[in-house]
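>>> Attaching a predicted model along with its sequence, questions to come.
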Amino acid sequence: AQSVTQLDSQVPVFEEAPVELRCNYSSSVSVYLFWYVQYPNQGLQLLLKYLSGSTLVESINGFEAEFNKSQTSFHLRKPSVHISDTAEYFCAVSYTGTASKLTFGTGTRLQVTL
Amino acid sequence: DAGVIQSPRHEVTEMGQEVTLRCKPISGHNSLFWYRQTMMRGLELLIYFNNNVPIDDSGMPEDRFSAKMPNASFSTLKIQPSEPRDSAVYFCASSAGTGSPFFGQGTRLTVV
């Protein structure tokens, strides 16, 4: 069965500092990988996804994630965070061909402070 | 498009009562998902439909839970009878083909 591990439940960081949110998955077959963001009292929004092609994917607000098959990882990074990035971030995985049915990690709370 | 619409946004009910959560997926999307989010268990997939047909309901916790999708634009998740441990945020999501799902804003259910 698929599983997703987000090693850090909370990540505190100062504004303008870099951040990395870690994600590892267990599946040994081809997978699709996703990062979703959840702001307080809202639903999840897709941040970025890897389906195929370039292993480095980017979002419109400066986040990026790199698919590393050998390490079964899909870590999320941003070189300089903003207060508005404070949110819960979820990594998710699905088998190739079924991008819709996702298995989610437990989430990482990113807290950005001045 | 208004996105995935869920109602109500908040529901407080007494133990033993029937609760019905509603979802309107994005027009044209043919897959619909119900998720439950709790602090203890995170996000769990309860059931998903494809072209209005339930495909996988292995995540439905027990017989007290049921879901229907009578047409392409409406789905319900019903809990009867409700229990305090059902308190959670319930999300509906929809997708087109094999695309990634779009989530609604959720229904926060509190069973007292």
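Here it is on my side, so go on. Numbers count the residues shown, from 1 in each chain, chains lettered A, B, ... in the order given.
>>> going forward, measure contacts between C-alpha atoms and count neighbours the same way
OK.
>>> so who does the residue nearest the centre of chain A touch?
Of all residues in chain A, the one closest to the mean position by C-alpha atoms, centre = their mean is residue A:35, 3.5 Å from it. Contacts for residue A:35 (C-alpha atoms under 8 Å, 6 or more residues apart in numbering or on different chains) come out as A:46-49, A:76, A:89-92.
>>> Nearest to chain B among those?
Each of the contacts of residue A:35 was checked against chain B using C-alpha to the nearest C-alpha; the closest is residue A:46, at 7.5 Å.
>>> need the next SSE after the helix or strand encompassing the residue nearest to the centre of chain A, C-terminal direction.
Assigned by DSSP states H and E, residue A:35 belongs to strand A:31-38. Using DSSP H and E, the helix or strand that follows strand A:31-38 in sequence is strand A:44-50.
>>> Tell me the most packed of the contacts of residue A:35, by neighbour count.
residue A:91 (30 neighbours; other C-alpha atoms under 10 Å in any protein chain shown).
>>> in terms of contact, does that residue touch residue A:105 like I think?
Yes - between residue A:91 and residue A:105 there is a contact under C-alpha atoms under 8 Å: 5.4 Å.
>>> Overlap of the contact sets of those two?
Residues touching both residue A:91 and residue A:105 (C-alpha under 8 Å, 6+ apart): A:4, A:6, A:23.
>>> Highest neighbour count among the residues you listed?
Counting by other C-alpha under 10 Å, top hit in the shared contacts of residue A:91 and residue A:105: residue A:23 with 24 neighbours.
>>> Any figure for the gap between that residue and chain B?
To chain B, residue A:23 is 15 Å away according to C-alpha to the nearest C-alpha, to the nearest Å.
>>> Quick one: residues contacting that residue.
Residue A:23 neighbours (C-alpha under 8 Å, 6+ apart): A:4-7, A:73-76, A:91, A:105.
>>> Using CSV, lay out those together with secondary structure.
CSV is the format used below for the contacts of residue A:23 (DSSP: H, G, I helix; E, B strand; the rest coil):
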residue, secondary structure
A:4, strand
A:5, strand
A:6, coil
A:7, coil
A:73, strand
A:74, strand
A:75, strand
A:76, strand
A:91, strand
A:105, coil
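>>> if we take these, which one ends up nearest to chain B?
Of those, the one sitting nearest to chain B (C-alpha to the nearest C-alpha) turns out to be residue A:105, at 7.5 Å.
>>> Give me the nearest residue to the closest residue to chain A within chain B, chain neighbours excluded.
Relative to chain A, the nearest point of chain B is residue B:105 (4.1 Å; C-alpha to the nearest C-alpha). Nearest residue to residue B:105 in three dimensions, chain neighbours excluded: residue A:43, at 4.1 Å (C-alpha to C-alpha, 6 or more residues apart in numbering or on different chains).
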